[in-house]
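A.B. asks: got a predicted model here, sequence first, then my questions.
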Amino acid sequence: MVEPTKKETETYKIDLPYVEERYFNKPVPKNVVPGITRLEYLLKNYESYMDKEVTVAGWARTCRPQAKETLVFIELTDGTTPGSLQVVVDQTMPNFKECVKCDVATSFRITGKVVKSPAKGQNIELQVNNAESHLVKILGVNSDPKFYPLAKKGHTYETLREIAHLRPRTRFIGSIARIRNALAFATHLYFQNRGFLYVHTPIVTASDCEGAGEMFQVTTLLPEHNKSIKEVPLVDKKDIVDYNKDFFKAPAYLTVSGQLAVENYCCALSNVYTFGPTFRAEKSNTSRHLAEFWMIEPEMAFADLQDNFELAEGYLRFCLQYILQNYMDELEYLEKEHERKAKEDKKTPPPSLIANLKLVAGTPFKKLTYTEGVEICLQDEKDGKVKFENKLSWGVDLNSEHERYLAEQVVKGPVILYNYPKDIKAFYMKLNEDEKTVQAMDILIPQIGEVIGGSVREDNLERLDKRIDEMKLDKESYWWYRDLRKYGSVPHCGFGLGFERLIMMVTGVENIRDVIPYPRYPGHAEF
């Protein structure tokens with residue numbers, strides 16, 4: 001049985017010495033297009049702009065004339081921040097009458113003077129009242145405001161999914177998009193600073209990494225739309241498809257994981273990671289599953305289970321620290337949005353999003369074996385401390401309710417569960433000496449459940465072949481993976497993290513379809 005090698009695994013501290021301090025602060029550029037100041041920069045540095053002229057550009061979140069039509073108030077946003085800038089256009093401007101007619105979603109380029117705002121909740125506003133030096137340029141009008149899907153009224157998240165091409169304009173989806181970008185950036189920062197190489201693994205593959213069989217097939221054999229299925233080539237005198245006539249001359253699929261492919265590079269370049277799209281043809285309509293999603297999968301050579309613990313914990317804590325330090329505006333908005341949504345739905349307000357992120361970022365992860373975790377759940381249920389909906393016994397995979405119970409009620413913080421029964425894990429995981437469990441690990445987080453799954457990989461060819469046979473997989477399709485164990489085999493390990501699950505954890509969003517730009521799930525492939 002493999003145990004952590006450090007004496008005090010529950011209390012060791014990760015201070016992230018391999019990530020330079022300067023990388024913890026995200027860059028906030030003044031502009032991308034010369035002459036146009038980004039609102040994020042302006043709102044963060046407003047004091048240095050007081051009583052100065054500045055040019056901004058964006059879309060009107062609201063646009064309304066004053067009752068006597070001597071002023072037009074524009075709430076301008078450019079997507080760089082959840083905040084907005086109030087623009088006050090005076091009737092002395094040459095195109096004031098055109099401004100009065102403008103509606104929500106109209107795009108502008110505006111030059112005006114930054115002044116202190118008398119309104120509550122905003123530090124500054126932009127006054128446009130000098131016909132000689134100020135400018136209101138209408139770039140694009142809302143030609144059909146009556147039917148504009150994103151009118152000022154509120155919209156359900158379900159409605160927003162039906163207009164995925166417009167929903168980035170909302171404060172909700174915009175905040176999620178910025179955090180998604182930041183987590184991708186933080187991912188590369190972390191692994192690059194630790195000496196990992198970024199490897200692009202293939203999207204089209206002939207291997208099923210998980211052995212689950214729920215894969216999308218890639219083929220050129222199917223006839224064009226509305227053509228007869230009789231055109232599909234078959235093997236002579238057999239009612240089976242002739243894949244020799246297909247593009248790859250063999251069955252091919254969209255990958256469910258880049259892990260097996262990145263292991264090849266791990267066993268040559270030592271430390272590598274892949275970060276790309278993956279696919280699963282599971283006909284699930286739950287709020288936690290997508291058909292197309294992104295995976296982060298690092299691999300380390302010459303490493304053991306304890307090294308895997310440290311790498312995964314360090315990665316999660318760095319990502320959360322990066323967001324807490326640089327995206328507090330988005331987090332504060334999202335926390336208020338979740339409270340508003342709960343009140344609207346007449347539900348109990350959710351726990352504080354920011355407090356939970358600080359808990360995970362600042363707490364060393366506790367370690368429990370799978371066996372210990374199951375025993376705790378069973379004993380607590382027996383003692384009447386908890387009642388689970390799903391029956392649990394040794395050898396059964398933990399349900400989300402069991403994972404959350406361990407993290408939220410038992411440990412009251414992040415926990416790494418390890419040494420799982422071999423029968424519920426993938427074929428490539430290294431067998432322990434008891435021959436019942438494998439060196440697998442899952443990281444469980446309060447309010448979320450599992451966010452990371454990983455393992456030490458089986459580096460012994462004989463034992464790997466035995467597992468492939470036990471799971472009734474096609475050994476020949478893994479010939480190249482088996483070669484790694486023939487020619488200079490090396491201990492190595494790694495983990496996988498569903499990127500969208502990480503975003504859900506950081507944003508507090510409950511439905512995975514809201515954290516990816518264009519969600520793909522059964523019956524939905526539009527946009």
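C.D. replies: Okay, I see it. Numbers count the residues shown, from 1 in each chain.

A.B. asks: show me the contacts for I176.
C.D. replies: Counting by CB atoms under 8 Å, 6 or more residues apart in numbering, I176 makes contact with L334, I503, T507, V509, D514, V515. For glycine as for every other residue, the C-beta is placed from the backbone atoms N, C-alpha and C.

A.B. asks: can you select the buried ones from these in ChimeraX?
C.D. replies: When burial is assessed using 16 or more other CB atoms under 10 Å, the buried subset of the contacts of I176 is captured in ChimeraX by this command:
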select :334,503,507,509,514,515
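
A.B. asks: so can I have CSV of the contacts of I176 showing pLDDT, distance to V262 and secondary structure?
C.D. replies: Written out in CSV, the entries for those read as follows (pLDDT from 0 to 100; distance: CB to CB, whole Å; DSSP: H, G, I helix; E, B strand; the rest coil):
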residue, pLDDT, distance to V262, secondary structure
L334, 97, 33, helix
I503, 97, 22, helix
T507, 97, 27, helix
V509, 95, 28, coil
D514, 97, 29, helix
V515, 97, 24, coil
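
A.B. asks: export the contacts of I176 to JSON lines and tack on distance to I424?
C.D. replies: Formatted as JSON lines, the entries for the contacts of I176 read as follows, by distance: CB to CB, whole Å:
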{"residue": "L334", "distance to I424": "34"}
{"residue": "I503", "distance to I424": "27"}
{"residue": "T507", "distance to I424": "30"}
{"residue": "V509", "distance to I424": "28"}
{"residue": "D514", "distance to I424": "30"}
{"residue": "V515", "distance to I424": "27"}
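
A.B. asks: tell me the helices and strands packed up against the longest strand anywhere in the chain.
C.D. replies: For the chain, the strand reaching the highest residue count under DSSP state E is reported as strand 53-65. The elements that strand 53-65 packs onto, with contact taken as 3 or more CB pairs under 8 Å, 6 or more residues apart in numbering; DSSP states H and E, are helix 39-44, strand 71-77, strand 85-90, helix 96-101, strand 107-116.

A.B. asks: of these, which approaches R404 most closely?
C.D. replies: Distances from R404 to each of those were compared using CB to CB; the shortest belongs to helix 39-44, at 35.3 Å.

A.B. asks: and the closest one, how far out from the chain's middle?
C.D. replies: Shown here is helix 39-44, whose average C-alpha point lies 26 Å from the average C-alpha point of the whole chain (CA atoms, centre = their mean, to the nearest Å).

A.B. asks: stretch 149-169 too?
C.D. replies: Relative to its parent chain, stretch 149-169 has a centroid offset of 20 Å by CA atoms, centre = their mean.

A.B. asks: mind checking the end-to-end distance for it?
C.D. replies: Using CA to CA, to the nearest Å, the span of stretch 149-169 from its first residue to its last is 11 Å.

A.B. asks: so what's the closest residue to L234 other than its chain neighbours up against?
C.D. replies: Of all residues beyond its chain neighbours, the one nearest L234 is D242 (5.6 Å), with distances taken as CB to CB, 6 or more residues apart in numbering. Contacts for D242 were tallied using CB under 8 Å, 6+ apart; they are P233, L234, V235.

A.B. asks: ok, the first one to P251 distance?
C.D. replies: Distance of P233 to P251, given as CB to CB, to the nearest Å: 14 Å.

A.B. asks: neighbour count winner among the two?
C.D. replies: Neighbour comparison, P233 and P251: the larger count goes to P251, with 14 against 11 (by other CB atoms under 10 Å).

A.B. asks: okay, the residue nearest to the more buried one when sequence neighbours are not counted: pLDDT?
C.D. replies: Across the structure, with CB to CB, 6+ apart as the measure, the residue nearest P251 apart from its sequence neighbours is Y243 (5.6 Å). In the predicted model, Y243 carries a pLDDT score of 90.

A.B. asks: can you check L234 too?
C.D. replies: Per-residue confidence for L234 comes out at a pLDDT of 83.

A.B. asks: that one against N244, yeah?
C.D. replies: No - applying CB atoms under 8 Å, one finds L234 not in contact with N244, separated by 11.1 Å.

A.B. asks: the two - which one has more neighbours?
C.D. replies: Neighbours were counted for L234 and for N244 using other CB under 10 Å; L234 has more, 13 against 9.

A.B. asks: which residues touch the more buried one?
C.D. replies: The contact partners of L234, taken as CB under 8 Å, 6+ apart, are I240, V241, D242.

A.B. asks: closest to S84 out of these?
C.D. replies: Taking CB to CB as the measure, S84 sits nearest to V241 out of the contacts of L234, at 56.3 Å.

A.B. asks: count of neighbours near that closest one?
C.D. replies: 16.

A.B. asks: may I have the beta-bridge partners of it?
C.D. replies: When bridges are called by DSSP bridges, V241 pairs up with L234.

A.B. asks: pretty sure it contacts E231?
C.D. replies: No - taking CB under 8 Å as the definition, V241 is not a contact partner of E231, at 11.7 Å.

A.B. asks: hang on, the earlier thing: quick check: the residue nearest to L234 vs S477, distance?
C.D. replies: Between D242 and S477 the distance, using CB to CB, works out to 18 Å.

A.B. asks: just to revisit the earlier point, roughly how far apart are the residue nearest to L234 and K249?
C.D. replies: Distance of D242 to K249, given as CB to CB: 10 Å.

A.B. asks: again, but for R513
C.D. replies: 37 Å.

A.B. asks: looking at the two, which has the bigger crowd around it?
C.D. replies: Neighbour tally, R513 and K249, criterion other CB under 10 Å: the higher count belongs to R513, 21 against 10.

A.B. asks: wait, a helix at that one?
C.D. replies: Yes - R513 forms part of a helix when assessed by DSSP: H, G, I helix; E, B strand; the rest coil.

A.B. asks: chain neighbours aside, what residue packs nearest to V115?
C.D. replies: Q127 (5.4 Å).

A.B. asks: residues in contact with that neighbour?
C.D. replies: Shown in contact with Q127 (CB under 8 Å, 6+ apart): V88, D90, G112, K113, V115.

A.B. asks: ok, the second one touching V128?
C.D. replies: Yes - proximity of D90 to V128 meets the contact threshold set by CB under 8 Å, at 6.4 Å.
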